[in-house]
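Peer 1: sequence plus the predicted model coming up.
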Amino acid sequence: MAERIALKRLTASDLTFFESLFRSLNVGNQKSINLNADVFVQEFYPSLPDMVGFGAPDRILVNLRILGPDGASEYVLSRAITKRDAYKNWRLNGEFIWDPENQPGRFDVLSPNDLALIEFSGDPIPKEVSLLLIAQKSAVDAPLHSVLAPLIPGGRKTMIEISRQALATAIDGISPSHAIWAFVKNPTLEAALEDAAFGGLEGAEEISSVSKSVSAATLSAAKASAEKNGREGEAIVWSFLNAQMREGVYAEIQWVSRDNAISAYDFLVKNKDGSARLLEVKSTSGEFSNKVHISIAELKAAKADKAYDLWRVYRIDDEGACLKISESISDFAASVLKGLAPPDGVTVDSISVDPNVLTWKAEIPIERQDEPDDDE
């Protein structure tokens, strides 16, 4: 997937996108963030101008995910990217960005010459925009602002393209707790954040060893990513099971957790001989070695049924994923449950597991399937 990440120095006019700053700055009526054409169009979406008028709208609705400033948590809205005939630049607008109800004054720390890291996703037009606001007046953001601001040449050049690798190099000394790391691939940090987002002790301890705190935005982004991986992992497995069923491997398949979110397993498959197996899918975009989180309800279901298998989906990306299967984890589940002896009034809800303590079959690569044509 193409990288479309831009670093932008925010002007006073850009800041009028935020309702509170529009009122306080009194610098015009722009109410949007300019998306400089030399980056947004020429580098990211060069075919966009030709598409407008030939099927693509000049008002593109997008999901907007805002992180920061000052470590503020994720804020998700629907906005638009638009272009007026009189202007060369597209703009991120749609309507004001108001302070969240539970965060009055969230954007007041912003001032001209602060920064925005903007990632665009979607083809052939943008569909999602992630916006990280970096305020120089914020103690949380100031170190990051100081290392990123010099990357923008200055003058009329207020927006540049930046690769993940260049970004990772630039922020090497920045606290791993900052939300900026949500834009950069750092396998060790991602694994620790994923574990911490599920309440894992080892992940939290690993992060604490290099940082005193983790921002709410960082943890929120990690949890959202883990949940997204869970959904994608199940969808990839469902596609894989359907392909196997067409090949005659299974007589019947059911995606149980799609209809029952509290089910202790995700899929039920029936073989030609009438026997059935329960499949629980654990997914990550990271490596196989990332911690697996198993609920007590899942362990109890596994203990009760010898045909309960754990399917580990990992390295999820736009092309597909890898799969390993640990069959019949009943004995493992029984041993874990036997070792849990909390006092009365205390309930253990889940455990973190190093996948290497289980026995796995050989790795299976899975490719994402193309969507069928409407007439198929």
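Peer 2: Thanks, I have the structure now.
Peer 1: what sits against L167?
Peer 2: Contacts here follow Cβ atoms under 8 Å, 6 or more residues apart in numbering; on that basis L167 touches I5, L117, I180, F183, V184. (C-beta placed from N, C-alpha, C; glycine too.)
Peer 1: now the two most distant members of those residues.
Peer 2: Using Cβ to Cβ, the contacts of L167 reach their maximum pairwise distance at I5 and I180, which is 11.2 Å.
Peer 1: neighbour count for the two, which is higher?
Peer 2: I180 (25 against 20; other Cβ atoms under 10 Å).
Peer 1: show me where pLDDT drops low in the stretch 251-376 of the chain?
Peer 2: Applying pLDDT under 70 to the stretch 251-376 of the chain flags residues 370-376.
Peer 1: quick one, helices of it?
Peer 2: Under the criterion DSSP state H, counting those that start in this stretch, helices of the stretch 251-376 of the chain are mapped to 256-259, 296-304, 330-339.
Peer 1: hey, which of those helices is tucked in deepest?
Peer 2: Among the helices of the stretch 251-376 of the chain, helix 296-304 has the highest mean neighbour count (mean count of other Cβ atoms under 10 Å), at a mean of 19.
Peer 1: now the angle between helix 330-339 and it, please.
Peer 2: Going by axes from the mean of the first three to the mean of the last three Cα atoms, to 10 degrees, helix 296-304 is angled at 120 degrees with respect to helix 330-339.
Peer 1: picking up where we left off before, would you turn the contacts of L167 into TSV with distance to W360 and pLDDT?
Peer 2: Shown next, in TSV, are those (distance: Cβ to Cβ, whole Å; pLDDT from 0 to 100):
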residue	distance to W360	pLDDT
I5	35	96
L117	38	98
I180	35	91
F183	32	88
V184	30	82
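Peer 1: in helices, which of these fall?
Peer 2: With helices identified by DSSP state H, none of the entries of the contacts of L167 belong to them.
Peer 1: between these, which is closest to T158?
Peer 2: Of all those, T158 sits closest to L117, with 13.5 Å by Cβ to Cβ.
Peer 1: now for the nearest residue to the closest one once chain neighbours are set aside, how many residues are close by?
Peer 2: Once flanking residues are discounted, L117 sits nearest to L132: 4.2 Å by Cβ to Cβ, 6 or more residues apart in numbering. Residue neighbour count, defined by other Cβ under 10 Å, stands at 24 for L132.
Peer 1: over to E202?
Peer 2: For E202, using other Cβ under 10 Å, the count is 14.
Peer 1: go on, the one 4 residues further on?
Peer 2: Neighbour count of E206, defined by other Cβ under 10 Å: 19.
Peer 1: and what of L48?
Peer 2: Close neighbours of L48, defined as other Cβ under 10 Å, add up to 20.
Peer 1: just L241 next, same as before
Peer 2: 19.
Peer 1: and what of P150?
Peer 2: P150, neighbours per other Cβ under 10 Å, totals 9.
Peer 1: quick one: it from A333, how far?
Peer 2: According to Cβ to Cβ, to the nearest Å, P150 and A333 sit 54 Å apart.
Peer 1: P49 is in contact with V41, isn't it?
Peer 2: Yes - in this structure, P49 is within contact of V41 by Cβ atoms under 8 Å, at 6.4 Å.
Peer 1: not counting its neighbours along the chain, what's nearest L61?
Peer 2: Nearest residue to L61 in three dimensions, chain neighbours excluded: A80, at 5.4 Å (Cβ to Cβ, 6+ apart).
Peer 1: just list whatever residues bridge to that neighbour.
Peer 2: For A80, the beta-bridge partners are L61, N93 (DSSP bridges).
Peer 1: quick check: it vs F18, distance?
Peer 2: Separation of A80 from F18 (Cβ to Cβ): 16 Å.
Peer 1: ok, now I60?
Peer 2: Taken as Cβ to Cβ, the span from I60 to F18 is 21 Å.
Peer 1: for R106, list the residues it contacts.
Peer 2: The contact partners of R106, by Cβ under 8 Å, 6+ apart, come to P69, A72, Y75, D99, P100.
Peer 1: give me the pLDDT value at the third one.
Peer 2: Translated: Y75. pLDDT recorded at Y75 is 93.
Peer 1: what about the strands in the stretch 151-300 of the chain?
Peer 2: 159-161, 252-255, 267-270, 276-283, 292-295 (DSSP state E, counting those that start in this stretch).
Peer 1: which one of the ones you listed is the most hemmed in?
Peer 2: Among the strands of the stretch 151-300 of the chain, the stretch with the highest mean neighbour count (mean count of other Cβ under 10 Å) is strand 276-283, at a mean of 21.
Peer 1: if I take that strand and helix 296-304, what angle do their directions form?
Peer 2: Using the same axes, to 10 degrees: strand 276-283 against helix 296-304 is 150 degrees.
Peer 1: so how far is strand 276-283 off the chain centroid?
Peer 2: Here strand 276-283 is found 23 Å from its chain centre; the criterion is Cα atoms, centre = their mean, to the nearest Å.
Peer 1: so how far is V39 from the residue lying closest to I118 once chain neighbours are set aside?
Peer 2: What sits nearest to I118 in space, not counting adjacent residues and going by Cβ to Cβ, 6+ apart, is A6, at 4.8 Å. Using Cβ to Cβ, we find A6 at a distance of 5 Å from V39.
Peer 1: which one's more surrounded, the two?
Peer 2: V39 (23 against 19).
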